[in-house]
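1. pasting the sequence and the predicted coordinates here, then a few questions.
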Amino acid sequence: MFQQVEAKAQCWRAVAIFDDRDEALLFLGRSSTQVRAGYVEAFLDLLDDEERAHIKTISMQRWHGAPDAGRWIHHSNLKVPAPKVAKSA
């Protein structure tokens, strides 16, 4: 017997859009709040300085449709984090 726990499963993601290559998945979460809270850390951990320099935007998208027959829908653009500035001693 199959039991569906949620009325409609949701999945959200943050995707880095580059100016010179394919897009890259940064963060995947069950809510837009989770994605907003986690994408900055993922941005800093996953991408090097050269990759960060080529990012045009970060797109927050949500899955629309059935798990096996849907598509990603653009929801909004997220702020591209500023590079960390090293403190000089």
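-> Okay, I see it. Numbering: from 1, shown residues only.

2. now do the strands in the protein.
-> Taking DSSP state E as the criterion, the chain contains strands spanning 12-18, 24-29, 55-66, 69-78.

3. just give me the neighbour total for the nearest residue to Leu25 once chain neighbours are set aside.
-> With Cβ to Cβ, 6 or more residues apart in numbering as the criterion, Leu25 has its nearest non-adjacent residue at 5.8 Å, and that residue is Val15. Yep, even glycine has a C-beta here, placed from its N, CA and C like the rest. Residues near Val15, counting by other Cβ atoms under 10 Å, number 19.

4. okay, which residue is most central for this protein?
-> Among the residues of the chain, the smallest C-alpha distance to the mean C-alpha position (Cα atoms, centre = their mean) belongs to Ala14, namely 1.0 Å.

5. residues touching Ser76, list them.
-> If you count contacts by Cβ atoms under 8 Å, 6 or more residues apart in numbering, Ser76 has them with Ser59, Met60.

6. tally up the residues packed near Asp45, please.
-> Applying other Cβ under 10 Å, we find 8 other residues in the vicinity of Asp45.

7. likewise Ala53?
-> The tally of other residues near Ala53 (other Cβ under 10 Å) stands at 12.

8. for this protein, which residues score under the pLDDT cut-off?
-> Flagging of the chain using pLDDT under 70 yields the residue ranges 1-9, 83-89.

9. excluding chain neighbours, what is closest to Ser32?
-> Trp12 (5.2 Å).

10. who does the one you found form a beta bridge with?
-> Note on Trp12: beta-bridge partners by DSSP bridges are Gly29, Arg62.
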